[in-house]
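>>> Fold the following for me, if possible:
(one chain, ligands or ions: 1)
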Amino acid sequence: MDKEQARQRIAELREEIHYHNYRYYVLDQPVISDAEYDRMFRQLEELEARFPDLITPDSPTQRVGAPPREELGTVVHRVPLLSLQSIYSEEEMRHFVETAIAEAGEEVTFVAEPKYDGLAVNLTYEGGILTVAATRGDGFTGEDITDNVRTIKTVPLKLLAEDGEPLPEVVEIRGEIYIPVAAFRELNRRREEAGEPLFANPRNAAAGSVRQLDSAITAARPLNIYVYGVGAVSGYEFSSEWEVLQTLRRWGFRVDECNVLCRSSAECLEFYHSLAQQREQLPYEIDGVVFKVNELAAQQKLGTRTRSPRWAVAYKFPARQETTRIRDIIVSVGRMGALTPVALLEPVQIGGAMVQRASLHNQDEIDRKDIRIGDTVIIERAGDVIPHVVKVVTERRTGAERKFRLPDTCPVCGTEVLRTEGDPIVHCPNIDCPAQLRGRIEHFASRRAMDIEGLGEKLVVQLVASNLVRHLPDIYDLTVPQLTCLERMGEKSAQNLLKALEASKQTTLARFLYALSIVHVGEYVARLLAEHFGALSAVEQASYDELVAIAGIGPEIANSILHFFSQERNRQIVRELLDKGIQIRQEEAAAATLAGKTFVFTGVLSSFTREEATAQVERRGGRVTSSVSSRTDYVVVGENPGSKYQRAQELGVTVIGEEEFRELIESS
Ligand SMILES: [Zn+2]
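Presented below is the predicted three-dimensional model:
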């Protein structure tokens, strides 16, 4: 790269970085990942190092951050809060340690501590009393958040002094305000319940909470703090960082127990790797490890660069968020027919793993985040969860991006999909869809469906992989010789399976309907259908009006049933199953044993919903009302009954529990 090219690239980088500083610090709405920001910053630093005469005072490398927001007052830090140089490799770690030892002497040691992913703050204590709390801001000037910080219970308003121990006249204490991971989840859960927007991550939640204009809001947030250093100090002497930490703890601050003192790069690396391993289990979020030269005299010798001290580094963990591009969006069909849009990404390393796909969950999610094919997006990977799209970087749009709609037909079998009002999940209803074969067989064989003992997940995988079963009805054609060819399948187990298959052919309509895994038709709805229609052919031919007339069956369920039986392939599979010898016992409609009886429910029943219980009563000719009167025959009492229970006792109405209710229903 020649100088002219460098000049141009430097200008581009500065403009980008200024913009992202603003988004990150002022608006608290970053549009790129931290890793990408760091990369741009390092590229700019490298270019400026190669062409020092291109450095200008307005370069982002010449100051730390961005101006504070104007609504909060500003505070000038007595000693600037420098940012730390970030490093990413063991080689850089060793280089840091070796340089420090070479320049400051063999006896240098290093304090290692977690690099918290929170909000850096500067707390000023005068005469032992908290007088000012400020954000880091641009490192020189921060925002005045004193009132807000005072609400954090782990911040001492007054330093503790044992036995008349002298306190500094003035001391600036540096720390990080954060929200613990568990408290963050709880906070978001409550916000979701209240219909409020969710925080993207604990750091954003902490930053947003600390910078509130109303400290009452801050007080209600689960903020906490760890402190790790001092800035300006007068009237007190420290000789090492380790001494600082011990003293801060004595003064009443939270200082992390896991901090250690290292004597070599090997010890530093060991701590780094052990913390990286514990990362997912820690109660707070961290994004690396900070190493500081311990002895203050050595720090003095090493000195400071424009932007960061030479006696400390932040060794970052591999990023868990990255920026990449969506090449295409495909649709995967789940084992029970759910269509899930999946983004195919330009491959990107996130936290040590190559990521090429991200789940987009459903159409609602795509619409809400306005995700388009060709978009540049921020991808996040947490734990073992499938990576997901955090947000679209709309600033990178070129106009060539294309919107995406889930198709109207299944991409695997071509069947028209089922869309349900109020449910963002779209389903392929085809019982013979190849993508669903395994899931459908497992469900068909499950205990509460056809109850085929021995036909579990592992065997189903083998049967499908070996092509012994290509369609659901094939399970009834299996033979002992075929089965014994499979791994871990002896003659005896094979015979037992065939017996179980044979036994399953005697079944009830409710079980058979449930076994077909029709979307929205669970056990209870299957029972309703069976009791109402009595015969499979009647269910197949039922109209929308007939279906919704049944108590407990709404438009969504009715549509799903109609859609299922409108598919020729589904009707054919059902016929094939019956041809294999499945006998459906006729079920008689429930007798009107409760005719003329009036029921009232109060409290929560454990094995029925209120609707189910009501439907059971009505099907037997009874009536359910909402208030107790002398004409009420039964009051059914569940957990935490209300005033109806009292009223029933006053009126002398028969009170029964859930068990007695169940007996009443089942005996009729
Ligand atoms: Zn399909």
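
>>> residue boundaries of the helices in the stretch 501-650 of the chain?
Assigned by DSSP state H, counting those that start in this stretch, the helices in the stretch 501-650 of the chain fall at 509-515, 523-533, 536-541, 544-548, 555-566, 568-579, 610-619, 643-651.

>>> winner for burial among these?
Greatest average neighbour count among the helices of the stretch 501-650 of the chain goes to helix 509-515 (a mean of 23), per mean count of other CB atoms under 10 Å. Every residue, glycine included, has its C-beta placed from N, CA and C.

>>> Quick one: list the elements packing against that helix.
Helix 509-515 is packed against helix 523-533, helix 536-541, strand 583-585, with contacts defined by 3 or more CB pairs under 8 Å, 6 or more residues apart in numbering; DSSP states H and E.

>>> low-confidence ranges in the stretch 451-600 of the chain?
586-590 (pLDDT under 70).

>>> Smallest gap between it and the ion, at which residue?
For the stretch 451-600 of the chain, the residue closest to the ion is Arg569, as judged by CB to the ion, at 9.6 Å.

>>> Contact partners for the residue nearest to Val392 when sequence neighbours are not counted?
Distance criterion CB to CB, 6 or more residues apart in numbering; nearest residue to Val392, sequence neighbours excluded, is Asp375 at 4.9 Å. Residues near Asp375 by CB atoms under 8 Å, 6 or more residues apart in numbering: 325-326, 392-393, 396-397, 401.

>>> Against Tyr19, how distant is Asp375?
Noted for Asp375: a distance of 19 Å to Tyr19, by CB to CB, to the nearest Å.

>>> Ok, Ile330 next?
Using CB to CB, Ile330 is found at 33 Å from Tyr19.

>>> what does the chain have sitting close to the ion?
Residues of the chain found near the ion (CB under 5 Å from the ion) are 410, 412-413, 428, 430, 433.

>>> wait, Leu159 sits on Gly128?
Yes. Using CB atoms under 8 Å, Leu159 is in contact with Gly128, at 4.3 Å.

>>> Tell me which of these two has more neighbours.
Set Leu159 next to Gly128 and count neighbours by other CB atoms under 10 Å: Leu159 wins out with 21 against 17.

>>> how about that one, phi and psi?
When read as degrees, to the nearest 10, the backbone of Leu159 gives phi -70, psi 140.

>>> Off-centre distance for stretch 435-447?
When distances are taken as CA atoms, centre = their mean, to the nearest Å, stretch 435-447 is centred 28 Å away from the chain's centroid.

>>> hmm, back to that, TSV for the helices of the stretch 501-650 of the chain, including distance to Phe110?
As requested, these are exported to TSV (distance: least, CB to CB, whole Å):
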stretch	distance to Phe110
helix 509-515	64
helix 523-533	63
helix 536-541	74
helix 544-548	72
helix 555-566	63
helix 568-579	68
helix 610-619	64
helix 643-651	68
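
>>> Looking at these, spot the one closest to Glu658.
helix 610-619 (9.0 Å; CB to CB).

>>> Just want the phi and psi numbers for Ser308.
For Ser308, the backbone dihedrals are phi -150, psi 150 (criterion: degrees, to the nearest 10).

>>> Could I get the contacting residues of it?
82-85.

>>> one more time with 10 Å
64, 82-86, 139, 314 (CB atoms under 10 Å, 6 or more residues apart in numbering).

>>> For it, which non-adjacent residue is closest in space?
Distances taken as CB to CB, 6+ apart place Gln85 nearest to Ser308, at 4.6 Å, with adjacent residues excluded.

>>> Neighbours of that neighbour, how many?
So Gln85, with other CB under 10 Å, has 18 neighbours.

>>> you'd agree it is up against Ala314?
Yes. Taking CB atoms under 10 Å as the definition, Gln85 is a contact partner of Ala314 at 7.0 Å.

>>> For the nearest residue to Asp423 once chain neighbours are set aside, give me its contacts.
Once flanking residues are discounted, Asp423 sits nearest to Glu556: 7.2 Å by CB to CB, 6+ apart. Taking CB under 10 Å, 6+ apart, we find Glu556 in contact with 418, 420-423, 519-520, 548.

>>> same deal with Val480?
Residues near Val480 by CB under 10 Å, 6+ apart: 489, 491, 493-495, 497-498.

>>> that older thread, and the gap between the residue nearest to Ser308 and Val313?
Gln85 is 5 Å from Val313, where distance means CB to CB.

>>> and for the two, which residues touch both?
Taking CB under 10 Å, 6+ apart as the contact rule, Gln85 and Val313 both touch 92, 96.

>>> how many other residues sit next to the residue lying closest to Pro309 once chain neighbours are set aside?
Nearest residue to Pro309, sequence neighbours excluded (CB to CB, 6+ apart): Leu82, at 5.5 Å. Neighbourhood size, Leu82 [other CB under 10 Å]: 18.

>>> try Glu12
12.

>>> right, and the residue nearest to Pro309 touches Gln299 too?
No. Using CB under 10 Å, Leu82 makes no contact with Gln299, being 11.8 Å away.

>>> Contact partners for Asp287?
Contacts of Asp287 by CB under 10 Å, 6+ apart are 34-35, 86, 114-118, 203, 279, 314, 316-320.

>>> Please determine how far the residue nearest to Val392 is located from Val393.
Distance, Asp375 to Val393, by CB to CB: 7 Å.

>>> quick one: common contacting residues for these two?
Here Asp375 and Val393 have Arg325 as joint contacts, going by CB under 10 Å, 6+ apart.

>>> rewinding a little: out of the contacts of Asp375, who's nearest the ion?
Minimum distance to the ion across those is 24.1 Å, recorded for Ile326 (CB to the ion).

>>> Which helix or strand contains that closest one?
Per DSSP states H and E: Ile326 is located in strand 321-333.

>>> which residues touch Ile55?
Here Ile55 is in contact with 10, 44, 47-49, 61-62, 306 (CB under 10 Å, 6+ apart).

>>> burial of Glu658, as a residue count?
Using other CB under 10 Å as the criterion, Glu658 is surrounded by 19 other residues.
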